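Chemist: Generate coordinates for the sequence data below:
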Amino acid sequence: MLFRSDGEAQGEPVARILQETWHPDGSITGIRLERRGHAYREATYSGSVRGLSLCRAQIERSYQGTTSISQTVLDGAGRPRYSLGTLPDVVVVSRWFRQGSSACREDLLDGTVLSMQRGRSWREGAWQPNAVIQNERWRAGSVQGIAISSYGSRIEEATYSGTIKVSPDCLATVTQKDSLGVPYNYRAVVLADGRGYVYLQTDPNDITVGYLERQRASESAAQLR
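Modeler: I've put the predicted structure just below:
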């Protein structure tokens, strides 16, 4: 399974992507991609899940000597959908995605990919909110896109291009540069069923965790009718 989350912990902005496996004995293993303030970290972790009722469960994860605790609500099939951090001074919400066991490839993203996301940028000594919408056209690991961004008092529009390198375990690296000459760098996880990808920005002065959703062929055809 895969989930993306963002929020605050101990006063710092936090954004994470976790790709993890829930084992039959209640144990969890996974890899964690995390932004905390200006720093980026990536490491494996372990944990456990315990059912609290038919509709919710508690998750504990051990990571670099610390333990995080969250509660998740379950769908009708017993799969997690959304979760919330429950430790003091932690305000983090998460969305889950079911991740298959198939190997991933760059061409899983071929076609049109759309997104709406919010993040934060370090400006004038503080983290300021931003929001971005994007339309991307992918082909064999290369992308051409347009982004419309809001930085509060300023709206910015730019085209961009870039590439993605995907490993069979679905972890990926995305590099892009926009028409204003600004480079962007991300770590990502591609969804094995081709629905799109989840990415985490690694540039120190920008924090964004986003879900970029690939349009199905049937959706594109419907728009043309």
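
Chemist: which ones are touching the nearest residue to P168 once chain neighbours are set aside?
Modeler: Of all residues not flanking P168 in the chain, A103 sits nearest, at 4.1 Å (Cβ to Cβ, 6 or more residues apart in numbering). Where you see a C-beta, it was placed from the backbone N, CA and C, and this is true even at glycine. For A103, the contact set (Cβ atoms under 8 Å, 6 or more residues apart in numbering) comprises P168, D169, C170, A192.

Chemist: residues contacting the second one?
Modeler: Going back to what we said before, that points to D169. Counting by Cβ under 8 Å, 6+ apart, D169 touches Q19, A103, C104.

Chemist: isn't N135 right up against T112?
Modeler: Yes. Counting by Cβ atoms under 8 Å, N135 touches T112, with 6.9 Å between them.

Chemist: The two: who's more crowded?
Modeler: Neighbours were counted for N135 and for T112 using other Cβ atoms under 10 Å; T112 has more, 18 against 14.

Chemist: Now do the contacts for the more buried one.
Modeler: Residues counted as contacts of T112 (Cβ under 8 Å, 6+ apart) are N135, E136, R137, W138, R214, Q215, S220.

Chemist: ok but the first one is inside a helix, no?
Modeler: No. The assignment for N135 (DSSP: H, G, I helix; E, B strand; the rest coil) gives strand, which keeps it out of a helix.

Chemist: Can you give me the distance of it to K177?
Modeler: 17 Å (Cβ to Cβ, to the nearest Å).

Chemist: the helices in this structure, which residues?
Modeler: Remark: helices of the chain, listed N- to C-terminal, are 217-224; assignment by DSSP state H.

Chemist: Which strand residues bridge A131?
Modeler: R118, S150 (DSSP bridges).

Chemist: what's the neighbour count on it?
Modeler: In terms of burial, A131 registers 14 neighbours under the definition other Cβ under 10 Å.

Chemist: Just to check, it is in contact with R120?
Modeler: No. A131 sits out of contact with R120 when judged by Cβ under 8 Å, with a separation of 10.4 Å.

Chemist: Least confident secondary structure element in this protein?
Modeler: Least confident element among the helices and strands of the chain, by mean pLDDT, DSSP states H and E: helix 217-224 (a mean of 48).

Chemist: Just confirm I148 contacts R154, I think it does.
Modeler: No. Taking Cβ under 8 Å as the contact criterion, I148 and R154 are not neighbours in contact, 11.8 Å apart.

Chemist: With neighbour numbers in mind, choose between the two.
Modeler: In terms of neighbours (other Cβ under 10 Å), I148 is the more surrounded of I148 and R154; the figures are 13 against 9.

Chemist: what residues are up against that one?
Modeler: In this structure, I148 makes contact with V132, I133, Q134, I155, E156, E157, judged by Cβ under 8 Å, 6+ apart.

Chemist: run the last query once more with 7 Å
Modeler: When the contact criterion is Cβ atoms under 7 Å, 6 or more residues apart in numbering, the partners of I148 are I133, E157.

Chemist: And W96, by the same measure?
Modeler: So, once contact is read as Cβ under 7 Å, 6+ apart, W96 ends up touching M1, F3, P80, R81, Y82.

Chemist: Likewise for I207?
Modeler: P13, A15, R35, G119, R120, Q201.
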